[in-house]
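Undergrad: show me how the following folds:
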Amino acid sequence: MTDQQRIEILETQVRRLRWVFIGVVLFASIAIALIVTRPKVMPDVIKAGAFEVVDASGRVVAKMGHHLNNGGIWIFNDQGNSAAFLTIDEFGAGSLSLYNGKDPRKPTDHKVLFALSSDNAQQAIMRILSDQGHGLKLLGDSDSTVGRIETINDQGETIDTWP
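TA: Numbering: from 1, shown residues only. Coordinates of the predicted model:
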């Protein structure tokens, strides 16, 4: 085989490789264009056992889910402690609670500051409390035409009622 024949064979191989390379680049360009310009499809329903919102460090700041027959939404402060809670139980009684954001593992520190709830007897209850535990409790039910206001001491006991 002469040098001239070898050069012709190499030129033929280079031409083929050039066309293969151009084809691969063209195919990749079309694929990227299709992926980038593809319309975003929003699903009609998303199903999961729970949803969690996390911050940049991975700490849970909000959670929506179901736990011990209670469905709810929990919101946590920057220390990871309960700040707010919206729930409904298996009897249909709902509640909204706002906390002082202290450590829930220390019951003496972790307090409910505001609670709006109903019980399974259709009675509405609203508590407005200080960090020390005293404050007001407003009650109303479907059986009477008069509501009631109670003042609460630091131990959670009713000290005065109106009317």
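Undergrad: residues in contact with D109?
TA: 100, 102-103 (C-beta atoms under 8 Å, 6 or more residues apart in numbering). From N, CA and C alone the C-beta is placed, and that goes for glycine too.
Undergrad: hmm, try it at 10 Å
TA: Counting by C-beta atoms under 10 Å, 6 or more residues apart in numbering, D109 touches 81, 100-103, 131.
Undergrad: tell me which of those fall in helices.
TA: Among the contacts of D109, DSSP state H puts none in helices.
Undergrad: can you give the domain ranges for this protein?
TA: 1-41, 50-162 (automatic domain parsing).
Undergrad: T158 against E150, yeah?
TA: Yes: the criterion here is C-beta atoms under 10 Å, and T158 meets it with E150 at 4.6 Å.
Undergrad: so what sits against both of the two?
TA: Going by C-beta under 10 Å, 6+ apart, residues that sit against T158 and also against E150 are K137.
Undergrad: which one's more surrounded, these two?
TA: Counted by other C-beta atoms under 10 Å, T158 and E150 do not tie: E150 has more neighbours, with 17 against 11.
Undergrad: tell me the secondary structure for that one?
TA: Recorded secondary structure, E150: strand (DSSP: H, G, I helix; E, B strand; the rest coil).
Undergrad: got a list of what it touches?
TA: Contacts for E150 (C-beta under 10 Å, 6+ apart) come out as 125, 127, 135-139, 157-162.
Undergrad: save those as CSV, and put in secondary structure, pLDDT and distance to H110 too.
TA: Shown next, in CSV, are the contacts of E150 (DSSP: H, G, I helix; E, B strand; the rest coil; pLDDT from 0 to 100; distance: C-beta to C-beta, whole Å):
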residue, secondary structure, pLDDT, distance to H110
I125, strand, 81, 20
R127, strand, 81, 15
G135, strand, 82, 16
L136, strand, 81, 20
K137, strand, 80, 19
L138, strand, 81, 23
L139, strand, 79, 24
E157, coil, 82, 19
T158, strand, 82, 22
I159, strand, 83, 23
D160, strand, 84, 26
T161, strand, 80, 27
W162, strand, 80, 29
